[in-house]
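Peer 1: Sequence below, structure please.
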Amino acid sequence: MPETKKERLGEILKKLRSSGDIEGAAVVTRDGLLIASELAGSIDGDILAAMTATMTGAAETAIAELKKGDPERIIVESPKAKVISIGAGGTAILVCVVNPNAKLGLVLLDMKKAAASVEKEVK
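Peer 2: Predicted structure coming up:
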């Protein structure tokens, strides 16, 4: 059984990645700091954390200006990957780098479950 918060978060992320469609998963702060990660070697966790915070801030500002509530998730798609982030408590964000051909519904379901587990750990 993992002892530290970081180890417990790592186990949550490892389980999330086990589907095979997720190339990398991380828990980051809203300030852009990396808390925990399970990433493929080609993904820099610190850069992913900083970019996730930037994307989240921009999306929150945009949706607030439109007066349409808070964003539930942010999805950025390219031909080579999808980057998906969702809130995991008031201070944390769960972000995944996903295979572009992955079944989005299943990935989002797995991420929602993982985010609930992350939220319990970061409280």
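
Peer 1: What's the mean pLDDT across the longest helix along the chain?
Peer 2: Identified as the longest helix of the chain according to DSSP state H is helix 45-65. Averaged across helix 45-65, pLDDT comes to 96.

Peer 1: For the protein, which residues score under the pLDDT cut-off?
Peer 2: Along the chain, segments meeting pLDDT under 70 span 1.

Peer 1: Arg30 contacts Leu94, correct?
Peer 2: No: using CB atoms under 8 Å, Arg30 makes no contact with Leu94, being 11.9 Å away. (C-beta placed from N, C-alpha, C; glycine too.)

Peer 1: Counting neighbours, go ahead and name the busier of the two.
Peer 2: Leu94 (28 against 16; other CB atoms under 10 Å).

Peer 1: how close does the more buried one sit to Lys80?
Peer 2: Counting by CB to CB, to the nearest Å, the gap from Leu94 to Lys80 is 21 Å.

Peer 1: ok, the residue nearest in space to the middle of the chain - contacts?
Peer 2: Within the chain, one residue has its C-alpha closest to the average C-alpha position: by CA atoms, centre = their mean, that is Val95, at 1.4 Å. Val95 makes contacts with Ala25, Ala26, Val27, Val28, Leu48, Ala49, Thr52, Val83, Ile84, Ser85, as judged by CB atoms under 8 Å, 6 or more residues apart in numbering.

Peer 1: Closest to Leu66 out of the residues you listed?
Peer 2: Nearest to Leu66 out of the contacts of Val95 is Ser85 (CB to CB; 19.0 Å).

Peer 1: Check the contact between the closest one and Thr56; I expect there is one.
Peer 2: Yes: Ser85 lies in contact with Thr56 (CB under 8 Å); the separation is 6.1 Å.

Peer 1: Mind listing the shared neighbours of these two?
Peer 2: Contacts common to Ser85 and Thr56, judged by CB under 8 Å, 6+ apart, are Ile74, Ile93.
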